[in-house]
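Asker: missing the sequence, but the structure's below:
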């Protein structure tokens with residue numbers, strides 16, 4: 001079982017089991033319904049979309065920096081260039097997944 005905050009911001013902590021589904025404690029389902037009816041789900045989705053766009057812009061900036069570094073360093077190897085691109089891409093992905 002994993003405990004998660006529904007919609008990452010509702011304040012309702014539910015238990016999730018990959019094999020058996022979601023388990024609700026007393027009053028959790030009614031609190032989730034109230035959160036959704038109050039517009040919380042739409043607000044959460046809008047915030048998530050904004051975060052994704054911010055991460056995309058950050059990743060583009062990192063990729064541009066790597067490309068500029070690549071073009072400015074005459075003696076750099078292809079392996080080093082690929083390593084830098086991988087680091088930049090991984091950073092953006094991990095930040096997105098862990099936030």
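Answerer: Happy to help now that I have it. These numbers come from a predicted model, not from an experiment. Numbers count the residues shown, from 1 in each chain.
Asker: elements contacting the longest helix along the chain?
Answerer: Taking DSSP state H as the criterion, the chain has its longest helix at helix 40-72. When contacts are defined as 3 or more CB pairs under 8 Å, 6 or more residues apart in numbering; DSSP states H and E, helix 40-72 packs onto helix 78-98. Using the backbone N, CA and C atoms, a C-beta is placed for each residue, glycine as well.
Asker: show me where pLDDT drops low in the chain?
Answerer: The chain contains residues with pLDDT under 70 at 73-82, 99.
Asker: Per the annotation, how does it divide into domains?
Answerer: What automatic domain parsing lists as the domains of the chain is 2-38, 46-98.
Asker: picking up where we left off before, by how many degrees do the longest helix of the chain and helix 78-98 diverge?
Answerer: 170 degrees (axes from the mean of the first three to the mean of the last three CA atoms, to 10 degrees).
Asker: How far off centre is helix 40-72?
Answerer: Mean C-alpha position of helix 40-72 versus that of the full chain (CA atoms, centre = their mean, to the nearest Å) differs by 11 Å.
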